[in-house]
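Trainee: What follows is a predicted structure for the sequence shown.
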There are 4 protein chains.
Amino acid sequence: MGEKNIRVGLVGVTGYSGMEMLRLLNGHPYMSLTRVTSRQQAGQPLKNLFPYVQGLKCADLAVSTPNTDDLAENCDLVFLAVPHGAAMNLGARLLQAGLKVVDLSADFRLREASVYEEWYNLKHEQTACLKQAVYGLPELYFEKIKAASLIANPGCYPTSVIMALAPALRMDLVEREGIIVDSKSGATGAGRSTRQANLFCEVHDNFRAYNLGRHRHTPEIEQELSLISAQKMTISFNTHLLPTNRGILSTCYMRLKKQFSQTEINAMYTDAYADFPWVRVLPAGILPETRWVRGSMFCDLGLVKDERTGGLTIVSAIDNLCRGASGQALANANLMFKLPIDAGLDSISLVP
Amino acid sequence: MGEKNIRVGLVGVTGYSGMEMLRLLNGHPYMSLTRVTSRQQAGQPLKNLFPYVQGLKCADLAVSTPNTDDLAENCDLVFLAVPHGAAMNLGARLLQAGLKVVDLSADFRLREASVYEEWYNLKHEQTACLKQAVYGLPELYFEKIKAASLIANPGCYPTSVIMALAPALRMDLVEREGIIVDSKSGATGAGRSTRQANLFCEVHDNFRAYNLGRHRHTPEIEQELSLISAQKMTISFNTHLLPTNRGILSTCYMRLKKQFSQTEINAMYTDAYADFPWVRVLPAGILPETRWVRGSMFCDLGLVKDERTGGLTIVSAIDNLCRGASGQALANANLMFKLPIDAGLDSISLVP
Amino acid sequence: MGEKNIRVGLVGVTGYSGMEMLRLLNGHPYMSLTRVTSRQQAGQPLKNLFPYVQGLKCADLAVSTPNTDDLAENCDLVFLAVPHGAAMNLGARLLQAGLKVVDLSADFRLREASVYEEWYNLKHEQTACLKQAVYGLPELYFEKIKAASLIANPGCYPTSVIMALAPALRMDLVEREGIIVDSKSGATGAGRSTRQANLFCEVHDNFRAYNLGRHRHTPEIEQELSLISAQKMTISFNTHLLPTNRGILSTCYMRLKKQFSQTEINAMYTDAYADFPWVRVLPAGILPETRWVRGSMFCDLGLVKDERTGGLTIVSAIDNLCRGASGQALANANLMFKLPIDAGLDSISLVP
Amino acid sequence: MGEKNIRVGLVGVTGYSGMEMLRLLNGHPYMSLTRVTSRQQAGQPLKNLFPYVQGLKCADLAVSTPNTDDLAENCDLVFLAVPHGAAMNLGARLLQAGLKVVDLSADFRLREASVYEEWYNLKHEQTACLKQAVYGLPELYFEKIKAASLIANPGCYPTSVIMALAPALRMDLVEREGIIVDSKSGATGAGRSTRQANLFCEVHDNFRAYNLGRHRHTPEIEQELSLISAQKMTISFNTHLLPTNRGILSTCYMRLKKQFSQTEINAMYTDAYADFPWVRVLPAGILPETRWVRGSMFCDLGLVKDERTGGLTIVSAIDNLCRGASGQALANANLMFKLPIDAGLDSISLVP
């Protein structure tokens, strides 16, 4: 296996994360897709499933049923873009076969199996792998990711929230009690399953909250923030559905511990992310918009000191499919294979 | 002037509030439109301005330049659907001429002229009228509205927020410190002025925050909540722009003072609004959606007790143009003229 | 049975046509809903199924399984809002039981069973009823509808197209060969079934053609145009999917037989629809927009003489759910029961 | 001037074409942006104007007022992304100064100045340049473009229409009389000027026709089709506004001269574009969707033989900003500088 010719398998090509993976891998200089799988759609070339890939490198690749031996033989790296529960056993087998694995599901994100089982209402069958798994947020775990064989790719919401809160907690700028996060996600976040609530006419020209205070990404956020804070954190995490395709915007409400100025806060955040060009701390007075990150790896942060209430409000915007899923998965894979983190990850947003 | 044949003037017909007023008045059993005004568009029949009113009662009404004497002679009631600043003097003159006035702008909402001047950066030239003005939220000021000559019609955001918070504060269920409101509004809330930020391609498939912690509706909300709480309230009020036409959804975060159950909270809210059928307290587990109130006077409330954090989260949804502006203005006018509050206010939502 | 207290059954309440029927019947002065049915959702009150009907008259009505005897006993009139194939036998039984029936499906629209069977690929089991059925387009069959017991409610596309073409053909203004219709429909037209192609993220910010030249509404359009023209008509009918909830806009291309002026054409169309206020012939230079008819019974027509090519282009816009389905069904029912055609049909559009 | 280090000026950076140019040039391997101009916004870095370019190569480039000498000194190539009328004189001066020019406006597209003056109602002041200008549709004028100094970049609609019709006319498959084109464009096509008709709430959840039979792109389409057909062509060209950001879909109606089979037609089109991988002739039964070309250079064609009417319907989809404007401009520039046509033109669509 040469580093420059990495054979990639994509397990679960039919959902939005799988489709985004196809988009990103098409332009990757060192990776080539050798297997794409789907239980329902096996047996046809990708271009039948997705007419819009006609003319791309992957167009004639045949969709196959996922099979450990076949993947092990033909891939150096596998992305698992399947629902939680469906990833853990396959992931473990591929690891044993010596492959590197990036799991886009929740199966390896929570360090405590008991927390997983409580929130996902499902027995964890590969607890041995949990220790091995590295939480794939490059801004937090850059070095560990480079050494990892199994990446637990972060959830879309947690990516947007942790990026917003981590520096404030690490630098002890804000109270740790009473943090409230109000997140809004585009409809790709709900996946491509055919539920009535996801129909165009149920989502278009509409806005709604859902799962207030009990979204499954809550324990993942709390786990990472607790590690940063070195104390157990409880946050109020609340989710809403936007009538857009892509994009998460999280508005995070904190109380400042002491009276830093707006300028100081911006400077501290800019420093905190100085080594990570994908994080853009916007100038004071400018607030993120989801379109500004559409199709890109950027995480845009807007910081607002509220003089009247003593609050610090941080707005964070990412593309949930790219930075919040497949793009981040690819960045992690790049690190695992000692490639530049941005190989194949063209960072330009599509505006408008 | 018979109560059954009320002559109505609409000052400012070209904006979205004016257009909504046309829609609602077309079906009103006791009111008829005699004057519609616009400085820019005077001199043509309404149907030239709005081809979609062809066939409606108002189609051939000529748009005129606003003129106090003309309005006083031909109207019993005037709705002012003009920007703040433009309403105060005209409103005062019409009052003096003996008309009843419903002002949809912010000019008479704030009881202290100094607060108005601070937030709107404009001198208040009719402070004498402020005492006379009644804040037109029927669920709070039903009897006062009936006796009023001048109504300060509430802002769209304040309507959604005050309806959500008033019972909790009145019944002392929640802490008065640290309340956070995260509101999202459809683009009609930004008005019909031709700014680049309001173009389709700047709003569509996009989501953004704006005016965090410093929206002009803040003092209006705080004024009313302070009166209810009998103490000065400061809230964190934060606004976002949705890619929808209509609809405001406010997610309001409070901390419970004691451990009421979800069932108790729902019962208390249902009781609080028992006399007001436009307020719909949804069953526990159901959360409001903006489409469910589209085109209607409903204010839908969803109550969520967050067991993990001790929080009470209330989601409130209204149609910003109907309940949040013109519909509420008409309800107030109905009360002023001793008509049934819902005359002309067909309450059915357009779904989908 | 008094005309003023008509008991109505709605078979198939869960789709968009059923939901629109609920909206319209809520405000009807002479009809009251006594039965709403659904095979999947039977056994619960409507408000559980549709939280947004809380507070409306129908909120507590229990959803039941459709049953001929039960409907016959409790209804004077039944609307069938079920897919084609599912309506024909139930419709026939209800007719036999003496009820009046408005069928919103295609089952009774085509006078020749063989044409139905060819296009719908389904055996017609109630051919005896076809003679009895009246095609429910009030502008064409006003008197026949008043005498009917069974209404074949027109399809949404055919309503928009026939209204646009009928006068030109009747007055022999245009060539009968080579007529091309390019229609675009909002996504409610695709129904509420949970197919992947109807998901928000597949429709939003997208536009596509489908079923070019072979949409099932073709024979219905040709049947009615042939009757008007007294000769067999073949048209090219082509459909597209819009990322909107409601609305059909059909652009119809014809060639003028002789050189009428734009003014003459507008006058002829205005005359042709002089007795039908729901049809609005827009002034020359103004073209219809789907929002102008949203939620209403209007059919807006824009006429354009193309001097360069000798063509006559007619643009027709309707609300596919109201004028194109449930509203038209209700208008037909009003006529059958000798009520004003517009009873319960508030004609105001919701703009924006 | 080395081929590998081409200095590029962009005149008119504030509109959607200018923004798209920024996106595409950011990733170009051989071109670097040295000047960006705007009369209104001169004097600030691009990142102030467009916060979303923070972190890109162009972020700190200062916006300047367009100046011939300055451009001539600092650029080898200039893209003119200004309205028609504003391009002709500047273009002529830059040519004289020895630069290569790609004009995205209509100023050099029509070979006859009289036709330009008739349709654009404006005197052409640089008729001498018209002979020099090459119409920049690579599939038609590949070799001429390579030798050109001045490119008239095609209009967005003409690109979609000419690509659809050219092979049928060249191969004499269809009648030349009576061709009808029904085109639909996303709202970026209306530009970024602040007109009320372009506001979000006027376009969203709406659809309308405009300029039927008299759109300014008509003579451009007719000019190119006439050259292909070697006879003067008149077509009926009709435009509609979609509530989407990007995308044009043109449905083109022709009559077949003889009874080719669907398979034959697809084969002939596939052959016709065999050398041009950006044109994707979709398999029979598959129709283009605007999302499938979003952000890309693809022109997708769907061919439908209508057996009932003897018609041939061709559906063509492009991204109006990329293939229909800035992307095509860049492809032309690549050819002029002997670079691979797809340099910097990443062809992957953003789906969803």
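Mentor: That came through, no problem.

Trainee: hang on, isn't A:Leu23 packed against D:Pro352?
Mentor: Careful, residue A:23 is Arg; it's not Leu. No. Using C-beta atoms under 8 Å, A:Arg23 is not in contact with D:Pro352; the gap is 10.5 Å. Heads up, the C-betas are built off the backbone N, CA and C, glycines and all.

Trainee: so what's A:Asn320 up against?
Mentor: For A:Asn320, the contacting residues are A:156, A:160, A:185-186, A:188-189, A:246-248, by C-beta atoms under 8 Å, 6 or more residues apart in numbering or on different chains.

Trainee: Show me these that map onto strands.
Mentor: Secondary structure from DSSP state E places A:185, A:248 of those in strands.

Trainee: helices or strands next to the longest helix anywhere in chain A in the packing?
Mentor: The longest helix of chain A (DSSP state H) is helix A:156-170. Other helices and strands packing on helix A:156-170, by 3 or more C-beta pairs under 8 Å, 6 or more residues apart in numbering or on different chains; DSSP states H and E, are helix A:138-146, strand A:180-185, helix A:218-229, strand A:236-241, strand A:248-255, helix A:262-272, strand A:299-306, strand A:311-318.

Trainee: how about the first one: buried residues?
Mentor: Of the residues in helix A:138-146, those with enough neighbours to count as buried (16 or more other C-beta atoms under 10 Å in any protein chain shown) are A:138-141, A:145-146.

Trainee: which of these lies closest to chain C?
Mentor: Comparing those against chain C with C-beta to the nearest C-beta places A:Pro138 closest, at 26.9 Å.

Trainee: wait, the closest one sits on A:Ala333?
Mentor: No. Using C-beta under 8 Å, A:Pro138 is not in contact with A:Ala333, being 11.2 Å away.

Trainee: Farthest-apart pair in the contacts of A:Asn320, please.
Mentor: A:Ser160 and A:Thr188 (14.0 Å; C-beta to C-beta).

Trainee: Which of those two has more residues huddled nearby?
Mentor: A:Ser160 (35 against 29; other C-beta atoms under 10 Å in any protein chain shown).

Trainee: pretty sure that one contacts A:Ile314?
Mentor: No. The criterion here is C-beta under 8 Å, and A:Ser160 misses it with A:Ile314 at 10.3 Å.

Trainee: what is A:Leu241 paired to in the beta sheet?
Mentor: Under DSSP bridges, the beta-bridge partners of A:Leu241 are A:Ser185, A:Arg208.

Trainee: re the thing from before, quick check: mean pLDDT of the longest helix of chain A?
Mentor: For helix A:156-170, mean pLDDT rounds to 98.

Trainee: Please identify the buried residues of that helix?
Mentor: Going by neighbour count (16+ other C-beta under 10 Å), the buried part of helix A:156-170 is A:156-169.

Trainee: wait, does stretch A:253-270 contact chain D?
Mentor: No. Residues of stretch A:253-270 are not located near chain D by C-beta under 8 Å from any C-beta of the partner chain, the shortest gap being 11.3 Å.

Trainee: again, but for stretch A:273-290
Mentor: Yes. With C-beta under 8 Å from any C-beta as the criterion, chain D is reached by stretch A:273-290 at A:277-278, A:280, A:282-283, A:286, A:289.

Trainee: Turn these into CSV, including secondary structure.
Mentor: Output for the residues of stretch A:273-290 next to chain D, formatted as CSV (DSSP: H, G, I helix; E, B strand; the rest coil):
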residue, secondary structure
A:Pro277, coil
A:Trp278, coil
A:Arg280, strand
A:Leu282, coil
A:Pro283, coil
A:Ile286, coil
A:Glu289, strand
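
Trainee: Highest neighbour count among those residues?
Mentor: Among these, A:Glu289 has the most neighbours (other C-beta under 10 Å), with 27 neighbours.

Trainee: which one is that residue nearest to, not counting chain neighbours?
Mentor: Leaving aside its chain neighbours, A:Glu289 sits nearest to B:Arg208 (4.0 Å; criterion: C-beta to C-beta, 6 or more residues apart in numbering or on different chains).

Trainee: Run a quick check on the one you found versus A:Val293, I expect a contact.
Mentor: No. Counting by C-beta under 8 Å, B:Arg208 sits too far from A:Val293 to count as a contact (11.3 Å).

Trainee: just how off-centre is the helix or strand encompassing A:Cys129 within its chain?
Mentor: Using DSSP states H and E, the secondary-structure element containing A:Cys129 is helix A:127-132. A distance of 20 Å separates the centroid of the chain from that of helix A:127-132, by C-alpha atoms, centre = their mean, to the nearest Å.
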